[in-house]
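K.L.:
take this sequence and fold it.
(chains A and B)
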Amino acid sequence: MKIIEFNGVDHVFPDGTMPLQNISLSIEEGALHFIVGPSGSGKTTLLNLLLGLYQPAVGEIWVNECNICILSERQLTLYRQHLGAIFQQNNLIPHRTVFENVAMRLWLRGTERKEVHQRVVTVLGEVGLRGFEDVLPLHLSSGDQQRVAIARALITRPRIIVADEPTGNLDRQLAGSVTELLKLQTTLGVAVIMVSHDEELTKYADTTSRLEPAPNTLGASTLM
Amino acid sequence: MFDRNPMPWPRTKRNRRAWIRDHVRFCKEALRHMLLHVVMTFFVMLLIGVSIALPSGLWVIRDYLSYADLAWPTERGFNTFFRNDASETQISSTAQTIRNHGFVSEAFLIPKNVALQEFLTAADLPDLTDRMPENPLPHTLTVFVKENIQVHEIETLTDFIRQLDTVDQVSYDTQIIVRFSAIHTIFNRLLWVVAGTFCLFALFVSASAVRIAIESRFHEIRILHVIGSPRRITRGPFLWCGFMYGALGGILAAVLLTLVLIYVEEPLGTLTASYGVRRDLQNLDWSFVGIVCSVGALLGLSSALYSTSRHLQRVTRNWEI
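P.N.:
Down below sits the predicted model:
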């Protein structure tokens, strides 16, 4: 079943530049979808559109049979609570412990303290960081910080995980293990949409889209 | 206003206990952040403290001086000199008439022989009495007017006294009183202008200090925004931080004020003692300390609210910043 669908989406920045043109894409539940492309091709912009951080100039974005382009800012905030988001850097709040960084998405929902504790410990175990609850992120390696970000994305058991170059700062081995961790989520029916410039990692993908310069445009990319 | 658009997923309901838990957590987090950044916290506190101490200090000094100011009117008086040919009975009668006037609080008669003795003692000429054929000084009545008597009313009183038969002259310099009154008004108005300027200064300094402290945590707002944190929850830790910066700044302001008052107590005490006022300056009133801390906390809180709202607006309008 399709859980994400882009229908002829164009995006225009306030300064008039158009990074994306005529993007049409559909992603199934339980699939790891890779978006690859050169730097500046609009990969991150595509994810930001999905996160509701940008509004498309043209086209529609459907998530779980709902057009997110017509949602109010308040609704988009609630919508984002149901997505797992992972970024390349600046993922974590430095003065919050690993536990707090992971738990904060449950706090947004008002989950009971006991349940928060149980779920955080469980999810930290899943990403191999049990015992690191009270550590501050800056005392962790880049790979472990990214695992904390993944744990934070997984804590609410979202149906969609959006990962923007989560392996960008990691070596090949760590990048592989992080991608495997995300791939594992697809077995639970989670749709993972991951942006990467590392073509090697596409071997983990169920489907892949490539952003390339669109013909007859000035700098805009489209999916090939 | 309800959002009627369909949502991809149903909204999770939060209970009241979650709200309390949020605030306990925000408070703890703010405290921890301040402890982790002790130097920055101290400087923010210092900025807020100094900016609050300036208008508060001015208020305390004004309050203190106002006692001296209140003491002054009771001292307002003038001398009435009697004619040399007036008999003592006439003088006593006239003195009683003046004492009975509605504007007069007290009047003391200084007989001419006492006045001469005082004058010669003051001039260090004790032997001159024997060589003087006659006492040249008149009988004098020192008249004190009641509190809240205005200058024009004193003039009415002196005119009344001048018309009495036994009175030779009344020494009352209206100009001095008018000038003093004008200086007093100017001083009071300047005090309000300076206090107002200091209050504005406190407002801007507190707002800037808290804004800078929050600016350094801008990426937190971005992270919270992207994971779907409502504005209320995003703002929470920052509001607590602003509240604590402000409250601690208020405490620091009270400490600074106490130190300054200890420093100026001696000269100020001498000045006010000359007006017959004795007041303990070093011990600030607890209610005053409470007001200073509350004002600080309110300043910190409102600055944090403004600053966080601006950052949230920036993030919402343009994610790429």
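
K.L.:
any idea what the most centrally placed residue in chain A is bridged to?
P.N.:
Nearest residue to the geometric centre of chain A (CA atoms, centre = their mean): A:Val162, 1.6 Å. Here A:Val162 shows beta-bridge partners A:Ala85, A:Ile193, assigned using DSSP bridges.

K.L.:
from what I see, it and A:Leu83 are in contact.
P.N.:
Yes: between A:Val162 and A:Leu83 there is a contact under CB atoms under 8 Å: 5.7 Å. Yep, even glycine has a C-beta here, placed from its N, CA and C like the rest.

K.L.:
overlap in contacts of these two?
P.N.:
Shared contacts of A:Val162 and A:Leu83 (CB atoms under 8 Å, 6 or more residues apart in numbering or on different chains): A:Leu50, A:Leu51.

K.L.:
look at A:Gly52 and give its secondary structure.
P.N.:
Under DSSP: H, G, I helix; E, B strand; the rest coil, A:Gly52 falls in the coil class.

K.L.:
whoops, A:Gln88 was the one
P.N.:
Of the three states, A:Gln88 takes coil according to three-state DSSP.

K.L.:
and it, how many neighbours?
P.N.:
Neighbour count for A:Gln88, taken as other CB atoms under 10 Å in any protein chain shown: 19.

K.L.:
now what about the helix or strand containing B:Thr142, what contacts it?
P.N.:
Using DSSP states H and E, B:Thr142 maps to strand B:140-145. Defining contact as CB under 8 Å, 6+ apart, one finds that strand B:140-145 is touched by B:73-82, B:91, B:94-95, B:98, B:103-110, B:112, B:115, B:153-154, B:157, B:161.

K.L.:
what about it, distance to the chain center?
P.N.:
Centroid separation between strand B:140-145 and its chain, computed with CA atoms, centre = their mean, to the nearest Å, is 34 Å.

K.L.:
which neighbours does it have in its sheet, and in what orientation?
P.N.:
As defined by DSSP bridges, the strand partners of strand B:140-145 come to strand B:77-82 (antiparallel), strand B:104-110 (antiparallel).

K.L.:
and the first one, which residues are buried?
P.N.:
In other words, strand B:77-82. If you call a residue buried by 16 or more other CB atoms under 10 Å in any protein chain shown, then strand B:77-82 has these buried ones: B:Gly77, B:Phe78, B:Thr80, B:Phe81, B:Phe82.

K.L.:
with stretch A:2-17 instead?
P.N.:
Buried, per 16+ other CB under 10 Å, within stretch A:2-17: A:Ile3, A:Ile4, A:Glu5, A:Phe6, A:Asn7, A:Val9, A:Asp10, A:His11, A:Val12.

K.L.:
quick check: closest non-adjacent residue to the last one.
P.N.:
In space, not counting the residues next to it along the chain, A:Val12 is nearest to A:Ala57; the distance is 4.3 Å by CB to CB, 6 or more residues apart in numbering or on different chains.

K.L.:
would you quantify the distance from the one you found to chain B?
P.N.:
15 Å (CB to the nearest CB, to the nearest Å).

K.L.:
now swap in A:Tyr54 and tell me
P.N.:
6 Å.

K.L.:
count of neighbours near that residue?
P.N.:
Neighbourhood size, A:Tyr54 [other CB under 10 Å]: 22.

K.L.:
point me to the residue sitting closest to the centre of chain B.
P.N.:
Closest residue to the average C-alpha location of chain B: B:Trp59 at 1.7 Å, with CA atoms, centre = their mean.

K.L.:
pLDDT wise, what is that one at?
P.N.:
The model reports B:Trp59 with a pLDDT of 81.

K.L.:
just want the angle from the strand or helix carrying it to strand B:104-110.
P.N.:
Using DSSP H and E, B:Trp59 sits within helix B:38-75. Here helix B:38-75 points in a direction 60 degrees away from that of strand B:104-110 (axes from the mean of the first three to the mean of the last three CA atoms, to 10 degrees).

K.L.:
show me what helix B:38-75 is packed up against.
P.N.:
Here helix B:38-75 touches strand B:140-145, helix B:174-215, helix B:231-273, helix B:286-317, going by 3 or more CB pairs under 8 Å, 6 or more residues apart in numbering or on different chains; DSSP states H and E.

K.L.:
coming back round to it: from A:Glu28, how far off is the residue nearest to the centre of chain A?
P.N.:
15 Å (CB to CB, to the nearest Å).

K.L.:
doesn't B:Ala202 make contact with B:Leu299?
P.N.:
Yes: between B:Leu299 and B:Ala202 there is a contact at 6.8 Å, judged by CB under 8 Å.

K.L.:
which residues do these two both contact?
P.N.:
Common contact partners of B:Leu299 and B:Ala202 (CB under 8 Å, 6+ apart): B:Ile48, B:Ile52.

K.L.:
so which residues of chain A form strands?
P.N.:
Secondary structure of chain A by DSSP state E: the strands cover A:2-11, A:20-28, A:32-36, A:58-63, A:66-67, A:83-86, A:160-164, A:191-196, A:207-213, A:221-223.

K.L.:
could you report the neighbour count for B:Asp22?
P.N.:
Counted with other CB under 10 Å, residues neighbouring B:Asp22 total 18.

K.L.:
cool, B:Leu257 as well?
P.N.:
By other CB under 10 Å, 23 other residues sit near B:Leu257.

K.L.:
also B:Asp285?
P.N.:
By the criterion of other CB under 10 Å, B:Asp285 has 10 neighbours.

K.L.:
chain center to stretch B:46-66, what's the gap?
P.N.:
With CA atoms, centre = their mean as the basis, stretch B:46-66 stands 7 Å off its chain's centre.

K.L.:
no, scratch that, I was asking about stretch A:81-90
P.N.:
Offset of stretch A:81-90 from its chain centre (CA atoms, centre = their mean): 5 Å.

K.L.:
quick one, phi/psi of the closest residue to B:Met244 other than its chain neighbours?
P.N.:
Once flanking residues are discounted, B:Met244 sits nearest to B:Ala30: 5.6 Å by CB to CB, 6+ apart. In terms of degrees, to the nearest 10, the main-chain angles of B:Ala30 are phi -60, psi -40.

K.L.:
just the pLDDT for B:Ala30.
P.N.:
Looking at B:Ala30, its pLDDT is 89.

K.L.:
distance of it from chain A?
P.N.:
Separation of B:Ala30 from chain A (CB to the nearest CB) stands at 10 Å.

K.L.:
count residues in the vicinity of that residue, would you?
P.N.:
21.

K.L.:
right, and it touches B:Arg235 too?
P.N.:
No: counting by CB under 8 Å, B:Ala30 sits too far from B:Arg235 to count as a contact (11.7 Å).

K.L.:
cool, thanks, talk later.
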